[in-house]
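Asker: give me coordinates for this.
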Amino acid sequence: MILIIHKDNTNRYCKDGYFRHFAMFGTFSDCVKQYRHLGQAKRVAKLVSGRVVYIPDSMEVDAVGTVIETKDCPDKKGYVNYFNHDLTKFVVNTP
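Answerer: So this is what the prediction gives:
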C-alpha cells in the first residue's frame, strides 16, 4: 500500500516540502514522501492543499506519476500484460 499526496497536474509532494512532476521513490530529499497511515496523509494534504492517493500493493508508480498494473497473460504462461492508469483514478475521497 502506498499513500502519497499530489496536486491537480500530477505533481507529487516530496520530502523537502516541494511538489515535483518528475520525482522518484527513495531516501533522498527530492523523492516522493510516502505515508503509512491514511489519517496522517489527510492531515498533511489539508495543510498543503493537495489530495491523498491510495495505490494498492499490486500496482507501482513510476517517476512521472503513471500507475502501472501488471497482470498475467491468460493465453501465454510466463508472459505479463502492463496496464497504465492515471494517478487521479486512485484519489481518496476526503470529507
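
Asker: what residues does whichever strand or helix holds residue 52 touch?
Answerer: Assigned by DSSP states H and E, residue 52 falls within strand 51-55. By Cβ atoms under 8 Å, 6 or more residues apart in numbering, the surrounding residues in contact with strand 51-55 are 1-7, 35, 38, 41-42, 45, 61, 67, 87, 90-92, 94. All C-beta spots, glycine's among them, are computed from the backbone N, C-alpha and C.

Asker: in this structure, which spans are helices?
Answerer: 38-48 (DSSP state H).

Asker: what residues of the strand holding residue 52 count as buried?
Answerer: For strand 51-55, burial by neighbour count (16 or more other Cβ atoms under 10 Å) applies to 51-53, 55.

Asker: mind putting those residues into a markdown table with distance to residue 24 and pLDDT?
Answerer: Shown next, in a markdown table, are these (distance: Cβ to Cβ, whole Å; pLDDT from 0 to 100):
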| residue | distance to residue 24 | pLDDT |
| --- | --- | --- |
| 51 | 20 | 94 |
| 52 | 20 | 95 |
| 53 | 16 | 95 |
| 55 | 15 | 94 |
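
Asker: ok, the residues you listed vs residue 26, which is closest?
Answerer: residue 55 (16.1 Å; Cβ to Cβ).
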